[in-house]
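A.B. asks: The following comprises the amino acid sequence and a computationally predicted model.
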Amino acid sequence: MKGRMPLLLAVVCWLLASFPVNALIVGAEQPAAYLTLLEGKQVGLVVNQTSQVRDQHLVDYLLSQHVSIKSVFAPEHGFRGKAGAGETISDGTDKKTGLPIRSLYGKTKKPTPEMLTGIDLLIFDIQDVGTRFYTYISTLHYVMEAAAEQGIEVLVLDRPNPNGRYVDGPVLDPEFQSFVGMHPIPLLHGMTVGELALMIRGENWINQAHTLSLTVVPVFQYRKTDNYSLPVPPSPNLPNDQAITLYPSLCLFEATEISVGRGTPWPFQVVGHPDIALGEFTFTPVSMPESAPNPKHKDTPLRGLDLTDSHIKGLDLSLLVSAITTFNDANETLIDRPRFFDLLSGTDVLRNQLEQGLSSEAIRAGWQPELEKYKTRRQPYLLYPLH
């Protein structure tokens, strides 16, 4: 690889020159910061469809740079991002490159020693959306832990958090730890994947954390208040900026009788129910093989709200408070999967407060002391300006 350094420098110069002045540059698009770390290494990649170097997948880019890739590890939704939420991901072979694909979403969520045999370094490059229950950061946790246990280096190529300006919601109670909530962080944690990786190691949230060799390539010229439009949808049901913005506020409805638009052109941009009208907008979920094979209330007309032009941002409880009031007035139960609701919330306190009829203002006030403690705890791991 050393013989190609003049070419590498030329590529770097071309990349930097091709970006607009003051444009942010994600970790994967800074080859000078990491290619030398891969020299002579057998590399494993934890990637999906968002792992892009401009218009090229990271896998293809690294192969073009003669990096020795041993295998690819696929998170929820798969390597190419075409599997629906909750669908088991199977091992296989990438048709384009012939590389073996190892599933980290199914029976095996943590790489086994056998999966890691012969690997010297793991690269994690996946776009996150800044919510605790989005499972890519749970995969990050298990990848880091497995690497620490096997003496394997970890390289995180960082990307912006599109909800990075918000820190809100209940901090997870360890009694409610699950794959949709691994860490004692708020529902909206305000960190990038790179920052969170540093915190996972620094707070000893994984076995043998102190032994892990971790490198993070930060995003160049990024602030948490920057608006960042994702160039590639991070998962099949977050197809655009509006869905990503509404996701923190609507995901808790997944544990209720209310549809959030899976199986429609507007996932996480509409809400509705077949019997209890939440509004006048009508829509009918249908099976969509690559995003919602069996959506809630499939083939049933629903009445609700069109939020495609909504200005809701951060974590907004008003829809949830309004819905539970409407259901109570109809003598119906909104939260039909209480355990799942608590796992998404990271606590059973929120559900109890909602069922007791507390206002969103009263609920939010109860979060503040723990949020302030969290902000202090995360401070040493922040890589980017807050304003």
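C.D. replies: That came in fine, so what should we check first? Quick caveat, the model's predicted, so the values are computed rather than measured.
A.B. asks: Pull the number of nearby residues for the residue nearest to residue 341 when sequence neighbours are not counted.
C.D. replies: Using CB to CB, 6 or more residues apart in numbering and skipping residues adjacent in sequence, the residue nearest residue 341 is residue 255, 3.7 Å away. (C-beta placed from N, C-alpha, C; glycine too.) When neighbours are defined as other CB atoms under 10 Å, residue 255 has 20 of them.
A.B. asks: now swap in the one 3 residues further on and tell me
C.D. replies: Taking other CB under 10 Å as the neighbour definition, residue 258 ends up with a count of 25.
A.B. asks: hang on, isn't it packed against residue 275?
C.D. replies: No. Residue 258 lies out of contact with residue 275 (CB atoms under 8 Å); the separation is 11.0 Å.
A.B. asks: what sits against the residue nearest to residue 341?
C.D. replies: Residue 255 is in contact with 335-338, 340-341, 344, counting by CB atoms under 8 Å, 6 or more residues apart in numbering.
A.B. asks: taking those one by one, which sit in helices?
C.D. replies: Using DSSP state H, the subset of those located in helices is 338, 340-341, 344.
A.B. asks: If any of the contacts of residue 255 are buried, give me the PyMOL selection for them.
C.D. replies: Applying 16 or more other CB atoms under 10 Å to the contacts of residue 255, the buried members can be selected in PyMOL as follows:
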select buried, resi 335+340+341+344
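A.B. asks: right, and the pair among the contacts of residue 255 with maximum separation?
C.D. replies: 336 and 344 (13.5 Å; CB to CB).
A.B. asks: Name the single longest helix found in the protein.
C.D. replies: The chain, longest helix under DSSP H: helix 360-378.
A.B. asks: and for that one, what are the contacting residues?
C.D. replies: Counting by CB under 8 Å, 6+ apart, 167-171, 184-186, 189-191, 195, 199, 203, 316-318, 320-321, 349-350, 353-354 sit against helix 360-378.
A.B. asks: Name only those of these that count as buried.
C.D. replies: For these, buried by 16+ other CB under 10 Å: 167-171, 184-186, 189-191, 195, 199, 203, 316-317, 320-321, 349-350, 353-354.
A.B. asks: Domains in this protein, by residue range?
C.D. replies: 2-230, 241-356 (automatic domain parsing).
A.B. asks: Do a quick rundown of the strands in the stretch 251-387 of the chain.
C.D. replies: All strands of the stretch 251-387 of the chain, identified by DSSP state E, counting those that start in this stretch, fall at 270-273, 281-283, 302-306.
A.B. asks: strands paired with the longest one, and their directions?
C.D. replies: For strand 302-306, sheet partners with direction are given as strand 270-273 (antiparallel), strand 281-283 (antiparallel), following DSSP bridges.
A.B. asks: Export these as TSV, with columns for distance to residue 118.
C.D. replies: As requested, those are exported to TSV (distance: least, CB to CB, whole Å):
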stretch	distance to residue 118
strand 270-273	47
strand 281-283	50
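A.B. asks: And those strands: which comes nearest residue 327?
C.D. replies: strand 270-273 (8.6 Å).
A.B. asks: Report the buried residues of the longest helix of the chain.
C.D. replies: Buried, per 16+ other CB under 10 Å, within helix 360-378: 360, 363-364, 367, 370-371, 374, 378.
A.B. asks: now swap in stretch 62-77 and tell me
C.D. replies: 62, 65, 67, 69-77.
A.B. asks: okay, those residues in a markdown table with distance to residue 130 next?
C.D. replies: Below are these laid out as a markdown table (distance: CB to CB, whole Å):
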| residue | distance to residue 130 |
| --- | --- |
| 62 | 27 |
| 65 | 30 |
| 67 | 29 |
| 69 | 29 |
| 70 | 31 |
| 71 | 28 |
| 72 | 25 |
| 73 | 22 |
| 74 | 22 |
| 75 | 16 |
| 76 | 16 |
| 77 | 17 |
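A.B. asks: Just the ones in strands from those residues, please.
C.D. replies: Among the buried residues of stretch 62-77, the members found in strands (DSSP state E) are 69-74.
A.B. asks: Closest to residue 285 out of those residues?
C.D. replies: residue 74 (26.5 Å).
A.B. asks: Out of the contacts of helix 360-378, which sit inside helices?
C.D. replies: Reading helices off those with DSSP H, I get 195, 199, 318, 320-321, 349-350, 353-354.
A.B. asks: the bottom helix or strand of this structure by mean pLDDT?
C.D. replies: Counting by mean pLDDT, DSSP states H and E, the weakest-scoring helix or strand in the chain turns out to be helix 5-18, with a mean of 46.
A.B. asks: following that helix, which helix or strand comes up?
C.D. replies: Once helix 5-18 ends, the next helix or strand along the chain (criterion: DSSP states H and E) is strand 42-47.
A.B. asks: Strand 68-74 and that following strand, what's the angle between them?
C.D. replies: 30 degrees (axes from the mean of the first three to the mean of the last three CA atoms, to 10 degrees).
A.B. asks: Now find how far off-centre whatever helix or strand comes next after strand 42-47 is within its chain.
C.D. replies: Remark: after strand 42-47, the chain's next helix or strand is strand 52-53, criterion DSSP H and E. Distance, stretch centre to chain centre, for strand 52-53: 17 Å (CA atoms, centre = their mean, to the nearest Å).
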